[in-house]
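Engineer: just need the structure, nothing else, for what follows:
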Amino acid sequence: FRKMITGCRPNGLTQKRVADRLPPAWALVRPGNYCRMALVLLLLAPLPLLAGTKVWTNGNGNNLWGDGGNWSPSGVPAAGDDVQFNGAVTNVSCTAAANTVAQNLGSLTLNSNYSGTLTFSADFAGGNSQTLVVAGAMVQNGGIWIVTGKSSSGTGVTFQAASFSQGSGALLHSDSRGFPGGQGPGATSFQVSCSHGGRGSPILTSPAPYGSPSAPVTLGSGNLTSLAAGGGAIKIDVGAGNLTLDGTIRCNGGSSGNNTGAGSGGSIWLVCGAFGGAGMVRAWRRHRAAARPRRRSRSPPSVLSSGA
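Structural biologist: Now for the predicted structure:
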């Protein structure tokens, strides 16, 4: 095509005759217009949005993640943004309803001077998902972070990030946010506590254990009589990255009243290339507050040591 155009005048051909030799779609293209057309197309192309830092302020006072007026600069955090909870509002809580936390955030940080509570409701992540993908680091050095299991599908919460670290005194939990009372594979009633990784009670009416010890993702079950819910499920997956845990991760079952059964503990699964820290991981069922001593069957928590 280039040869035909550049050779049109030496061959004594007019531009029209050259165009006549070309397919009709090219007939409107004339020599000398290509640079101008490329410039117009460049100017019309949408410019990519630049990621930035979003700091939680609760400016509108409703404690909702999905309200752009609660962030500085204004606007709900989007993909690529670095999200921070810090001393701007030390003890103001934040709740993320369904489908409000964008996927592929740049990073997510709860600083040590933040003492509020961050709550992720069921289906909190983009696409109504229980899995949140963060491109960079997830850091919790302060505050309380609560995540919620989805009982209708039995799905816990999964965090996928480049790295994860939790400082001393920080708490990430899904206590009593598994199956509600009377629901789940290990659900019970009356004085029988719920089952999960093991039987909730030695009596024959206790349901059989369920879940996987090598890939723990199942929610804890709830007791119908006490309405004690089971613990939720948390999976943190940083691939070959670093996971440092000096705080506490918990998925305890709900406690019961006098002479009634408790909800079973949930699941916690940590996946990483390198691990460090001296924190604690718990997925207990809580004891009932009985008037007299009763047999206790819960296991001690997993206490982590650096390098384990």
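Engineer: which residues in the stretch 151-300 of the chain form strands?
Structural biologist: 157-160, 163-166, 171-173, 233-237, 242-245, 248-250, 267-271, 274-276, 280-282 (DSSP state E, counting those that start in this stretch).
Engineer: looking at the ones you listed, which is closest to residue 198?
Structural biologist: Distance to residue 198, taken as CB to CB, is lowest for strand 267-271 among these, at 13.1 Å. Just so you know, the C-beta spots here come from the backbone N, C-alpha and C atoms, and that holds for glycine as well.
Engineer: in its sheet, what does the closest one sit against?
Structural biologist: Strand partners for strand 267-271, identified by DSSP bridges, are recorded as strand 233-237 (parallel).
Engineer: using PDB, write out every CA atom in the strand it pairs with.
Structural biologist: The C-alpha trace of strand 233-237 is given here as PDB (Å, rounded to 0.1, in the frame of the first residue of the first chain):
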ATOM      1  CA  ALA A 233     -13.700 -19.600  58.400                       C
ATOM      2  CA  ILE A 234     -10.600 -17.600  57.400                       C
ATOM      3  CA  LYS A 235      -8.000 -18.400  54.800                       C
ATOM      4  CA  ILE A 236      -5.000 -16.200  54.200                       C
ATOM      5  CA  ASP A 237      -3.100 -17.000  51.000                       C
END
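Engineer: which residues are contacting that strand?
Structural biologist: 138, 147, 149, 155-161, 164, 172, 174, 178, 216-219, 243, 249, 251, 266-272 (CB atoms under 8 Å, 6 or more residues apart in numbering).
Engineer: what mean pLDDT does it have?
Structural biologist: When pLDDT is averaged over strand 233-237, the result is 98.
Engineer: so who does residue 279 touch?
Structural biologist: Here residue 279 is in contact with 166, 168, 245, 246, 247, 248, 249, 304 (CB under 8 Å, 6+ apart).
Engineer: for this protein, which spans come out with low pLDDT?
Structural biologist: Judged by pLDDT under 70, the chain has its weakly predicted residues at 1-50, 204, 257-259, 286-308.
Engineer: centre-most residue in it?
Structural biologist: Nearest to the mean C-alpha position of the chain, counting by CA atoms, centre = their mean, stands residue 132 at 3.2 Å.
Engineer: did I read that right, that one in a strand?
Structural biologist: Yes - Residue 132 sits within a strand when classified using DSSP: H, G, I helix; E, B strand; the rest coil.
Engineer: what bridges to the closest residue to it other than its chain neighbours?
Structural biologist: Nearest residue to residue 132, sequence neighbours excluded (CB to CB, 6 or more residues apart in numbering): residue 125, at 4.3 Å. Per DSSP bridges, the residues bridged to residue 125 are residue 101, residue 129.
Engineer: run through the residues that contact residue 125.
Structural biologist: Taking CB under 8 Å, 6+ apart, we find residue 125 in contact with 99, 101, 103, 131, 132, 133.
Engineer: re earlier: for the residue nearest to the centre of the chain, give its distance to residue 102.
Structural biologist: Taking CB to CB, to the nearest Å as the measure, residue 132 falls 9 Å from residue 102.
Engineer: same check, this time on residue 153
Structural biologist: 22 Å.
Engineer: repeat for residue 166
Structural biologist: Using CB to CB, residue 166 is found at 22 Å from residue 102.
Engineer: who has more neighbours out of these two?
Structural biologist: residue 166 (25 against 20; other CB atoms under 10 Å).
Engineer: start and end of stretch 164-171, how far apart?
Structural biologist: 13 Å (CA to CA, to the nearest Å).
Engineer: got the buried residues for that stretch?
Structural biologist: Residues of stretch 164-171 classed as buried: 164, 165, 166, 167, 170, 171 (neighbour count, 16 or more other CB atoms under 10 Å).
Engineer: would you turn these into a markdown table with distance to residue 53?
Structural biologist: Below are the buried residues of stretch 164-171 laid out as a markdown table (distance: CB to CB, whole Å):
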| residue | distance to residue 53 |
| --- | --- |
| 164 | 20 |
| 165 | 19 |
| 166 | 21 |
| 167 | 20 |
| 170 | 21 |
| 171 | 25 |
